[in-house]
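# When you get a sec, could you give me coordinates for this:
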Amino acid sequence: MSVNTTGRMTHDYDGELVVFLIGMTINAWWRPDRWLPVFLAMPRMLRELSEDDDSGLLGYRLVVDPRGPWLVQYWNSLDRLYAYASDPTASHRPAWAAFNRRARTARGAVGVWHETLPVTHAESIYVDTPVQGLARATGVRPVTRRLDTARQRMGRPA
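All right, here's what the predicted structure looks like:
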């Protein structure tokens, strides 16, 4: 669902914020037996996280790239991100173990990657566009005179 906005908007969120980028690189398109299970594991994890209000996942966005799909995820806690990744009862651990088992038998067919970015300040602007990105994950509010410039939205004097 996308909500159209008119005018200038910014995200509405205060608190710990972590941007987590995670994706797969398909190096051997002719080996779907190696990359398809990796591809299919992510929707299960996203569903599991989205259904748990205490997971820490605020929202995500899928990015389609010629080398393979990746996600931008927004988390409210680095500890919750790490807790999910290491939880033996969650979907991530079995998927990671299965990836490693398959990878040993066909080195280089598919790769995985992630980048974890704790954010101390965030600035955003959305002008006459559907709510997306950080605002979709956290909330949206109009840009006021007090938040008119990027510098002001970053909490720095004008």
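# Give me the neighbour count for residue 117.
Per other CB atoms under 10 Å, the neighbour tally for residue 117 reads 10. C-beta coordinates here come from the backbone N, C-alpha and C atoms, glycine included.
# quick one, what contacts it?
18-21 (CB atoms under 8 Å, 6 or more residues apart in numbering).
# ChimeraX command to pick out the buried ones of those residues?
Applying 16 or more other CB atoms under 10 Å to the contacts of residue 117, the buried members can be selected in ChimeraX as follows:
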select :18,19,20
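# for residue 22, what are its contacts?
70-71, 73, 112-115.
# From the contacts of residue 117, which land in strands?
In this view, the contacts of residue 117 that belong to strands under DSSP state E are 18-21.
# And these, which is closest to residue 83?
Proximity of those to residue 83 (CB to CB) peaks at residue 18, which lies at 12.2 Å.
# Return the set of residues that bridge with the residue nearest to that closest one when sequence neighbours are not counted.
Using CB to CB, 6 or more residues apart in numbering and skipping residues adjacent in sequence, the residue nearest residue 18 is residue 75, 4.1 Å away. Residues in a beta bridge with residue 75, per DSSP bridges, are residue 18, residue 57.
# Number of residues surrounding residue 75?
When neighbours are counted by other CB under 10 Å, residue 75 registers 26.
# again, but for residue 128
10.
# One more: the one 5 residues further on?
Using other CB under 10 Å, residue 133 is surrounded by 16 other residues.
# and the gap between it and residue 41?
Here residue 133 is placed at a distance of 24 Å from residue 41 (CB to CB, to the nearest Å).
# and the residue nearest the centre of the chain, what is it in contact with?
Of all residues in the chain, the one closest to the mean position by CA atoms, centre = their mean is residue 73, 1.2 Å from it. The contact partners of residue 73, taken as CB under 8 Å, 6+ apart, are 19-22, 57, 59-60.
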